[in-house]
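Asks: quick one, what's the 3D model for this:
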Amino acid sequence: MTATLFDGTTASQASALTAAFYPRIRYMGSKYALVPHLAEVFAEVGGRTALDAFSGSGVVSYLLKRQGFEVTANDMLQFPGVLASATVVNNSERLTAEDVERITGPAADDRDFVASTFDGVFYDAEDRAFLDSAWSHVATMEGDRKALAISALVLSAARKQPRGVFTITGDLSRYDDGRRDLRLSMREHFIEHVETYNDAVFEGPTARVTMQEASAMDSGPYDLVYLDPPYAPPSDDNCYIKRFHFLEGLSRYWQGDTLMLNTNSKKLPKPHTGYSHRHTIVEAFRDTFKRFSDSGAIVLSYGSNALPDMETIVSLLREVKSDVEVRKIPHTYHYGTHKAVTRRSVDEYLFVAR
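Replies: Predicted coordinates for the structure are as follows:
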């Protein structure tokens, strides 16, 4: 299938451009592998305005921009909003060689929050000092260029952390499998990832970023609403702040944050939403679907290994949309990079409700 969008771009072309240019950050539930399937669905649905309601890594917002949609990228966390600002809202700004030289050069002030707070927790002394020094310059920047610089720092910190999550602390040598990412210094990562983000910038339709919890999202209406909420597993939890709190804090240099200093990882407080608990998730879905009942199509990603089940979600969607289609895509989740990581083969459901 090669559906063509209003600007002449095909779904396959948009998918290929996204895969080629969007910076890949390890993110729980990321939709990189599903981009070709999503591109086809979005092209079939059509329209000009789209909401990516749980933008996360930002790859779907970027895909929608590549497909010519005017995108609203929303996430309750701040660092996904920064990533989307750099690559979806930003149409032309890039960091210059002079910017990079300044940010990677001598510090502009004597700040040492990362160096002192996360000593013995994350990274070595040189890498922590670099994050402080870099932020002494980033703090003076504005707009899209600032978003690009923070995004490059976020990607650097994510790549340098074994397994990409911040629930593991201290001596992490047991996770060292020889990967290049673990060999590069934070400064070297940053220099590389500035180029990665610069390469991702392209001119497209107007876009915006919002940072709202699901129950408070702007209801639009939109021609297309894409939902990728946290999957509620039968066990464990789906808390993103627990796994990515360092990236969240780094995106604003922990301004206004109260760290839980009694925890090993110096994490941030866990936010609670309707999607956080098994006993509230059905009503969370119902409320979200009703919020966008006046919009065009609702496209929802969800996993077969999560709660609620497919039948329940279809029933909830039919409360607001008459035509509900379910597409099943075989998918393997393998979050983490160590050799013993558990891989789970499941079906990824794409619900298309119109």
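
Asks: from residue 296, how far off is residue 46?
Replies: Note on residue 46: its distance to residue 296, by CB to CB, to the nearest Å, is 9 Å. All C-beta atoms are positioned from the backbone trio N, CA, C, and that covers glycine.

Asks: then residue 135?
Replies: Distance from residue 135 to residue 296, by CB to CB: 41 Å.

Asks: quick one: which of residue 46 and residue 296 has more around it?
Replies: residue 296 (20 against 16; other CB atoms under 10 Å).

Asks: of all residues in the protein, which one is nearest the centre?
Replies: The residue lying closest to the centre of the chain (CA atoms, centre = their mean) is residue 57, at 1.8 Å.

Asks: and that residue, that's in a strand?
Replies: No. According to DSSP: H, G, I helix; E, B strand; the rest coil, residue 57 belongs to no strand; its state is coil.

Asks: list the contacts for it?
Replies: 24, 25, 27, 30, 31, 32, 80, 83 (CB atoms under 8 Å, 6 or more residues apart in numbering).

Asks: also residue 310?
Replies: 302, 304, 326, 349.

Asks: how close does the residue nearest to residue 293 when sequence neighbours are not counted sit to residue 49?
Replies: Counting by CB to CB, 6 or more residues apart in numbering, residue 293 lies nearest to residue 320, which is 4.0 Å off, once chain neighbours are set aside. Using CB to CB, residue 320 is found at 18 Å from residue 49.

Asks: what bridges to residue 351?
Replies: Taking DSSP bridges, one obtains residue 300, residue 326 as the residues bridged to residue 351.

Asks: my guess is it contacts residue 329. True?
Replies: No. Taking contacts as CB atoms under 8 Å, residue 351 lies outside contact range of residue 329: 11.7 Å.

Asks: please say which of the two ends up with more neighbours.
Replies: residue 351 (21 against 16).

Asks: just the helices in this structure please.
Replies: 11-21, 35-45, 59-66, 78-84, 97-103, 113-117, 125-138, 143-160, 180-183, 186-200, 240-250, 281-291, 310-317 (DSSP state H).

Asks: the last one vs helix 281-291, what angle?
Replies: What that stands for is helix 310-317. 40 degrees (axes from the mean of the first three to the mean of the last three CA atoms, to 10 degrees).

Asks: pLDDT weak spots in the protein?
Replies: Along the chain, the model assigns pLDDT under 70 to residues 1-8, 332-345.

Asks: phi, psi for the nearest residue to residue 78 once chain neighbours are set aside please.
Replies: Leaving out its chain neighbours, the residue that sits closest to residue 78 by CB to CB, 6+ apart is residue 251, at 5.1 Å. Residue 251 has phi and psi values of phi -70, psi -20 when expressed as degrees, to the nearest 10.

Asks: neighbours around residue 251, how many?
Replies: Neighbour count for residue 251, taken as other CB under 10 Å: 23.

Asks: enumerate every residue touching it.
Replies: So residue 251 contacts 78, 79, 82, 150, 154 (CB under 8 Å, 6+ apart).

Asks: the last one against residue 250, yeah?
Replies: Yes. In this structure, residue 154 sits in contact with residue 250. The criterion is CB under 8 Å, and the distance is 6.0 Å.

Asks: list residues touching both of these two?
Replies: Joint contacts of residue 154 and residue 250 (CB under 8 Å, 6+ apart) are residue 79.

Asks: state the distance from residue 236 to residue 172.
Replies: From residue 236 to residue 172 the distance is 21 Å (CB to CB).

Asks: the more surrounded of those two?
Replies: residue 172 (14 against 7).

Asks: now do the contacts for the residue nearest to residue 252 when sequence neighbours are not counted.
Replies: Ranked by CB to CB, 6+ apart and with sequence neighbours excluded, the top spatial neighbour of residue 252 is residue 78, at 5.8 Å. Applying CB under 8 Å, 6+ apart, we find residue 78 in contact with 211, 248, 251, 252.

Asks: who wins for most neighbours among those?
Replies: For the contacts of residue 78, neighbours tallied by other CB under 10 Å; top is residue 251, 23 neighbours.

Asks: distance check, that one against residue 138.
Replies: Counting by CB to CB, the gap from residue 251 to residue 138 is 10 Å.

Asks: these two touch, right, residue 267 and residue 242?
Replies: Yes. Contact criterion CB under 8 Å: residue 267 and residue 242 qualify, at 6.5 Å.

Asks: run a quick neighbour tally on residue 241.
Replies: By other CB under 10 Å, neighbour count at residue 241 equals 17.

Asks: ok, residue 289 next?
Replies: Residue 289 has 21 nearby residues by other CB under 10 Å.

Asks: burial check on the residue nearest to residue 65 when sequence neighbours are not counted, number of neighbours?
Replies: Once flanking residues are discounted, residue 65 sits nearest to residue 204: 4.6 Å by CB to CB, 6+ apart. Neighbour count of residue 204, defined by other CB under 10 Å: 20.

Asks: ok, residue 247 next?
Replies: By other CB under 10 Å, 28 other residues sit near residue 247.

Asks: use 56 as the first number from now on
Replies: Done: numbering now begins at 56, and the last item shifts to residue 302.

Asks: for residue 335, see how far away it is.
Replies: For residue 302, the distance to residue 335 equals 26 Å [CB to CB].
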